[in-house]
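Engineer: No letters, just coordinates:
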C-alpha cells in the first residue's frame with residue numbers, strides 16, 4: 001500500500017497473522033493496492049525486488065528478515081526501512097483486534113526515518129593482554145598464540161607451571177587502573193614481576209614493583225574478579241568471562257581472535273558546548289549527564305563537559321536528562337521523538353484504537369517482547385511497544401501523555417545507572433499528573449526479568465481513559481517541548497492548578513532572589529546559559545523568565561552575596577513566558593557629568609564605608625570622587641595630582657635630642 005511518500009510492503013508471515021489488506025489500508029488511511037504478501041522473504045521475493053527497483057522510500061513490515069531484504073535490494077535505488085508488526089502485534093491473543101496498533105507502528109516507522117549516523121574508527125593490531133589468576137589463563141592464551149600478540153598477567157599467588165617453551169610473556173601483577181579504549185588501552189600494574197628462566201617445578205618471579213605501565217589493543221579478562229571497567233558488558237575491546245565457565249571462555253577467545261583490523265563505531269551523541277550548563281567561571285552547575293552516564297564516558301572540561309566517543313555505548317541516558325539539548329543523541333533528536341510520538345498516537349486513535357498504553361523499551365527489551373510473542377500470549381492490542389535508545393526523559397513522557405496516551409510503561413533497563421536515571425525522570429512527571437487530577441501511576445517503571453513476567457504485567461492492566469489528545473505540533477528544543485506538553489496537560493486537566501512543587505533536580509522551576517541583600521552585580525546574568533536571568537542595559541534591573549530556566553544552579557553558586565536560590569516547580573499559564581522583574585534600583589548619576597554608571601545604593605554604601613575612615617577619603621572632595629563615573633574620576637585625579645601610593649602623612653622622626 002502507498003502511505004504518503006512511502007511504499008509499504010506487508011506480509012502475513014505464511015498466514016500466521018490475521019491481517020486483511022482492506023482493513024489495514026483503512027486503518028492507515030491509505031489505499032490498498034492488492035493483496036498482502038504471504039511469504040515475501042522467500043517465495044515472493046521478486047515482489048520486493050520489483051518495488052526496490054522503483055526507488056523511493058520502501059518500508060517493509062518485517063525485521064527478522066531484514067538482512068535478506070538488504071541482500072536482495074543491494075544496488076537498488078530504494079531507501080529501505082523496517083518495522084516489526086509480527087511480535088509487536090500480529091502474534092498475540094488479541095491479534096484480530098490489533099489493526100489500530102499495526103497502523104500506528106507503520107505510520108510511526110514512516111515518520112521516524114532512519115538516518116546515517118557518523119562513525120569513528122577503532123583500529124586493533126591484535127596486541128592482547130590476558131588477565132587471569134591461575135594456569136587456566138595461560139592455557140586459554142595458548143589457543144590464541146598464532147592469531148594475536150599476547151601477554152599474560154597473573155594476579156594472586158596461585159602456583160603456575162613453568163612453560164616448556166617461552167611462546168609469550170607470562171608475568172605476575174595486579175591491574176590497578178585501566179584507561180583508553182579498544183586499540184589504545186593503557187594499564188597500570190602493581191606488584192609487577194617477571195618470571196625467572198631458571199624456574200623448575202613452579203614458576204618463580206623476580207622482585208616486584210608498583211606502577212608498571214602497559215599498552216594493548218584488547219583486554220581478555222579471565223580473572224573471575226571484579227570487572228576492570230565500568231559498563232564492562234558494552235566496552236569495545238574488553239572481553240570478560242568467568243574461568244569456571246568453559247563455554248563462556250571459548251566464546252571470548254573466538255571473539256578476541258576476530259578483533260583485528262579496523263572497525264567503525266557510531267558516534268552516538270554530540271555536544272554543543274555553548275549550550276552546556278555544567279560550569280561557568282570555575283563554578284559548578286548542572287551535573288545531570290555526569291551522574292547518569294553508566295559508562296563513565298563523560299567528564300568535566302572547563303565550562304562544559306567532555307564526552308569520550310570511544311567509551312560511549314549509546315544508551316542515550318545523557319541526552320534524556322540534559323535540560324538544554326547541549327547533549328544530543330545522534331538520531332533521532334528530541335523534536336523528532338516528540339513528533340514520532342504524536343504520529344503514533346494520532347494514527348492509533350484515527351484507526352479506532354482506544355486507551356493506548358505505550359511500552360518504552362531498549363534493545364534488550366525488544367528481545368524480551370519477541371520471546372513473549374513466540375512462547376507466550378504476546379502483547380495486548382492496546383499496548384504499543386516503542387523502542388527508544390534510553391531517551392526516557394520528562395519531555396518524552398509529557399509529550400506522550402499530552403497526545404492521549406492512557407499510561408506509560410518503561411521496561412526497566414538492566415544497567416543500574418540507567419535505571420536510576422529513568423526512575424528520577426519518572427519521579428518528576430508523577431507529581432505533576434497527580435496534582436492536575438490525572439491520578440497516580442500513569443507513568444511506571446516496569447521491572448521484568450523474563451518474558452512471562454512482562455506478559456503477566458501487561459495483561460493485568462485495567463482500561464483507563466487518558467488525557468484528551470492535544471492538537472499542537474511539537475517544535476523546538478527540550479525546554480520548549482517540555483513546556484508545550486505540560487501546557488497541553490494543564491489545559492485538559494481535571495483539576496488545573498497554577499503551580500506544582502517538584503523534587504530537587506527537576507529541570508524546570510524558578511529562581512528566588514533575596515532583594516534586600518542583592519546589589520545588582522549581575523553575576524547571575526553573566527553565567528545563565530539559557531538567558532533566563534536578564535539585565536536591562538538602560539537601567540539597573542534584574543528580571544527572570546521561568547520558561548527558560550533549567551535549574552542548573554549556576555546563578556546560586558556564582559552569587560557573591562549568596563542571595564539566590566532555586567525552587568523546582570511546574571507552572572502554567574502565559575506568565576511564565578514573560579520576564580518578571582526581580583529587582584530594580586535607581587541608577588547612580590555622576591555628580592560631574594550626570595551620566596548613569598551604577599546603582600545608587602551600591603555607590604552610597606561604598607562611600608559610607610570609606611568616608612572619614614580611609615586616609616585617602618578624609619577629605620570630602622575625595623569622597624565625592626566615588627560618586628563620579630570612571631571618566632570624570634580620572635579627570636579629577638589628574639587635576640589634583642594625588643599620589644595614590646603615597647600613603648598618609650608620616651609623623652616626624654624623633655631622636656634622643658628631642659627629649660633633652
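Structural biologist: Yes, it's here. Every value quoted in this text rests on a predicted model; they were computed, and no experiment measured them.
Engineer: and residue 527, backbone torsions?
Structural biologist: Listed backbone geometry of residue 527 is phi -100, psi -10, with angles given as degrees, to the nearest 10.
Engineer: wait, doesn't it sit right on residue 554?
Structural biologist: Yes - counting by Cβ atoms under 8 Å, residue 527 sits close enough to residue 554 to count as a contact (4.5 Å). In this view, the C-beta of every residue, glycine as well, is placed from N, C-alpha and C.
Engineer: Give the residues shared as contacts by the two.
Structural biologist: Overlap between the contact sets of residue 527 and residue 554, as judged by Cβ atoms under 8 Å, 6 or more residues apart in numbering, is given by 280, 283, 285.
Engineer: and those residues, which of them are in strands?
Structural biologist: Using DSSP state E, the subset of those located in strands is 280, 283.
Engineer: Please identify which of residue 527 and residue 554 sits among more neighbours.
Structural biologist: The residue with more neighbours, out of residue 527 and residue 554 and counting by other Cβ atoms under 10 Å, is residue 554; that gives 28 against 21.
Engineer: Mind pulling up the pLDDT for the spatially closest residue to that one that is not a sequence neighbour?
Structural biologist: In this structure, residue 554 finds its nearest non-sequential neighbour in residue 285, 3.6 Å apart by Cβ to Cβ, 6 or more residues apart in numbering. Looking at residue 285, its pLDDT stands at 94.
Engineer: thought residue 285 was touching residue 553?
Structural biologist: Yes - the pair residue 285 and residue 553 qualifies as a contact (Cβ under 8 Å) at a distance of 5.0 Å.
Engineer: now the helices for the stretch 251-400 of the chain?
Structural biologist: Using DSSP state H, counting those that start in this stretch, the helices found in the stretch 251-400 of the chain span residues 288-292, 317-321, 334-350, 363-375, 394-402.
Engineer: If you count contacts, what does the second one end up packed against?
Structural biologist: With contacts defined as 3 or more Cβ pairs under 8 Å, 6 or more residues apart in numbering; DSSP states H and E, the packing partners of helix 317-321 are helix 288-292, strand 327-329, helix 416-435.
Engineer: Now do the last one, average pLDDT.
Structural biologist: Per-residue pLDDT over helix 416-435 has a mean of 88.
Engineer: Name the residues of it that come out as buried.
Structural biologist: Within helix 416-435, the residues that count as buried by 16 or more other Cβ atoms under 10 Å are 417-419, 421-422, 424-433, 435.
Engineer: where exactly do the helices run in the stretch 1-150 of the chain?
Structural biologist: Using DSSP H, counting those that start in this stretch, the helices found in the stretch 1-150 of the chain span residues 21-28, 45-53, 66-72, 99-111, 135-142.
Engineer: so can I have CSV of the ones you listed showing mean neighbour count?
Structural biologist: Below are the helices of the stretch 1-150 of the chain laid out as CSV (neighbours: other Cβ atoms under 10 Å):
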stretch, mean neighbour count
helix 21-28, 19
helix 45-53, 16
helix 66-72, 14
helix 99-111, 25
helix 135-142, 20
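Engineer: among these, which is nearest residue 441?
Structural biologist: For these, distance to residue 441 was read as Cβ to Cβ. The smallest value, 22.2 Å, belongs to helix 99-111.
Engineer: Just give me the neighbour total for residue 155.
Structural biologist: Residue 155 sits with 20 neighbouring residues when counted by other Cβ under 10 Å.
Engineer: Give the helix, strand or coil label for the nearest residue to it once chain neighbours are set aside.
Structural biologist: Beyond its immediate neighbours in the sequence, the residue positioned closest to residue 155 (Cβ to Cβ, 6+ apart) is residue 174, lying 4.7 Å away. Of the three states, residue 174 takes strand according to DSSP: H, G, I helix; E, B strand; the rest coil.
Engineer: where's residue 174 relative to residue 160, distance?
Structural biologist: 15 Å (Cβ to Cβ, to the nearest Å).
Engineer: of those two, who's got more company?
Structural biologist: When residue 174 and residue 160 are compared for neighbours, residue 160 comes out ahead with 21 against 18, by other Cβ under 10 Å.
Engineer: shouldn't that one be in contact with residue 170?
Structural biologist: Yes - proximity of residue 160 to residue 170 meets the contact threshold set by Cβ under 8 Å, at 7.1 Å.
Engineer: Mutual contacts of these two, please.
Structural biologist: Taking Cβ under 8 Å, 6+ apart as the criterion, residue 160 and residue 170 both touch 138, 154, 203.
Engineer: can those go into JSON lines with extra columns for pLDDT and distance to residue 626?
Structural biologist: Below are the shared contacts of residue 160 and residue 170 laid out as JSON lines (pLDDT from 0 to 100; distance: Cβ to Cβ, whole Å):
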{"residue": "138", "pLDDT": "95", "distance to residue 626": "80"}
{"residue": "154", "pLDDT": "96", "distance to residue 626": "74"}
{"residue": "203", "pLDDT": "94", "distance to residue 626": "81"}
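Engineer: Provide a list of residues in contact with the residue nearest the centre of the chain.
Structural biologist: Compute the mean C-alpha point of the chain, and by Cα atoms, centre = their mean the closest residue is residue 318, 1.6 Å away. If you count contacts by Cβ under 8 Å, 6+ apart, residue 318 has them with 269, 288, 289, 292, 293, 298, 307, 327.
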